[in-house]
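>>> turn this into a structure:
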Amino acid sequence: MTLRNLSASITGSSNITNIQITESYSQLSASAVVECSTTSLNLGDAITIALGYDGSTTDLFKGFIKKRERIRPDNIYRLHCNDLLGKAVDYFMASDDPENPFKRNNISSLNLVKDLLAQAGISNVTNTEPIPIFTWGTSEEGVKFNLQSVADAIQFVAQTTGNTIYYDSVNDIVEFRGRKPYVDVGDVAVAPAFTTGSAGNILSISYESSSDRIRNRIVIYGKGNIHATRSAASPYVVVDQTLVLAHELIDTQVLADGSAEVNLTILNRLGETYNIDLEGSASTRAREVHNLTESFIGASNRPVFLYSVSHSYSESGWVTQVVAIP
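Sure, this is the predicted structure:
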């Protein structure tokens, strides 16, 4: 592996000693923790974190300061940060009039997510509606949300429809996509490939397969008598494993059926996981697909979906930790 000089830059900060950045398919808001001896940043300030080598860096995190610590005897500042969707986590929906909460009628999933995010002051959201398209609030009562965070509301919409929500910091936009948490038909691997050997970038790797998260029976309970069940055989479980999703906001049979079908597709599969430590890589981001080759594990140019990516930077080096799913 080639020896290179580490480079890091953080808005308004210097003498950086530690950086932790975490982004994941299951984590709505990416997070970061920074330690440095000098900073001009305060609560609510915007922050950009960039890492790289030999003076050339790439932005890996954009967000805002959520918590600021001053620590002795180390004489450092510790900054806790979230990306844009941290606003959705923080904003709690509580109507002035409990009889008049947030309400929408005959609205698609994307437009419902947009309107919910607007409550938290987030407007830069994709215009691309995931397929299939579901409609919410078809009855006169509509779809209502109250006494919960915007994050909980949009994640409920995403789980019900088999979609995912995340902030794309490169393009400064919130995405709402039908991205499955594994390699899907049509996925194209991007660089770098993950390999071992003297010219490789893998520091360590492990592989496991498990039936713990398999759900081969999905039961949906909606409003009134609306319900749906979908199931399929699985060679990996000795007894059917059931997921139940129950909510009165599921107010049409079409929505119940669609939710059961998409969740069965996502959850009825063997849980295969690669845990990989890489040389620090600014070209490795969550939700991408990369090719993996490692002889002992038995992977040869195998496409893997990056379920989570963490960057750990310190004075001793930079490691990118990946949880990958084929």
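>>> so residue 225, which of the three states?
coil (DSSP: H, G, I helix; E, B strand; the rest coil).
>>> before we move on, what about residue 239?
coil.
>>> what pLDDT does it get?
Residue 239 is assigned 96 on the pLDDT scale.
>>> look up how far residue 201 lies from it.
As judged by Cβ to Cβ, to the nearest Å, residue 239 and residue 201 stand 41 Å apart. C-beta: built from backbone N, CA, C; applies to glycine.
>>> looking at these two, which one has more neighbours?
The neighbour comparison of residue 239 against residue 201 (other Cβ atoms under 10 Å) goes to residue 201, with 19 against 7.
>>> same question for stretch 204-213, mean pLDDT?
The average pLDDT within stretch 204-213 is 95.
>>> list the buried residues in that stretch.
For stretch 204-213, the neighbour count (16 or more other Cβ atoms under 10 Å) marks 205, 207 as buried.
>>> can you dump the C-alpha atoms of that stretch in CSV for me?
Taking C-alpha atoms only, stretch 204-213 is exported to CSV below (Å, rounded to 0.1, in the frame of the first residue of the first chain):
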residue,chain,number,x,y,z
SER,A,204,-9.3,-6.6,7.1
ILE,A,205,-12.5,-8.3,6.2
SER,A,206,-15.1,-10.8,7.7
TYR,A,207,-18.2,-12.4,6.2
GLU,A,208,-21.3,-13.7,7.9
SER,A,209,-24.6,-15.2,6.8
SER,A,210,-27.7,-15.1,9.1
SER,A,211,-31.4,-15.7,9.1
ASP,A,212,-32.0,-13.3,11.9
ARG,A,213,-33.6,-10.6,9.8
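>>> residues in contact with stretch 115-130?
84-85, 87-88, 90-91, 93, 102, 104, 107-110, 113-114, 145, 150, 153-154, 157, 161, 163, 172-178 (Cβ atoms under 8 Å, 6 or more residues apart in numbering).
>>> any of those buried? List them.
Those of the contacts of stretch 115-130 that meet the buried threshold are 84-85, 87-88, 91, 93, 102, 104, 107-110, 113-114, 145, 150, 153-154, 157, 161, 163, 174-176, 178, by 16+ other Cβ under 10 Å.
>>> one step back: mind checking which of the contacts of stretch 115-130 land in helices?
Secondary structure from DSSP state H places 87, 88, 90, 109, 110, 113, 114, 150, 153, 154, 157, 161 of the contacts of stretch 115-130 in helices.
>>> and the pLDDT at the second one?
I take that to be residue 88. 98.
>>> so who does it touch?
28, 29, 116, 117, 120, 122, 149, 150, 151, 154.
>>> again, but for the fifth one
For residue 110, the residues meeting the contact criterion (Cβ under 8 Å, 6+ apart) are 125, 126, 127, 128, 129, 130, 176.
>>> how far away is the nearest residue to residue 158 once chain neighbours are set aside from residue 112?
Counting by Cβ to Cβ, 6 or more residues apart in numbering, residue 158 lies nearest to residue 165, which is 5.2 Å off, once chain neighbours are set aside. Between residue 165 and residue 112 the distance is 12 Å, computed by Cβ to Cβ.
>>> can you check residue 227 too?
22 Å.
>>> repeat for residue 156
10 Å.
>>> state which helix of this protein is the longest.
Selection of the longest helix in the chain by residue count, based on DSSP H, yields helix 253-267.
>>> and the furthest pair within the ones in helices among the contacts of stretch 115-130?
90 and 161 (24.0 Å; Cβ to Cβ).
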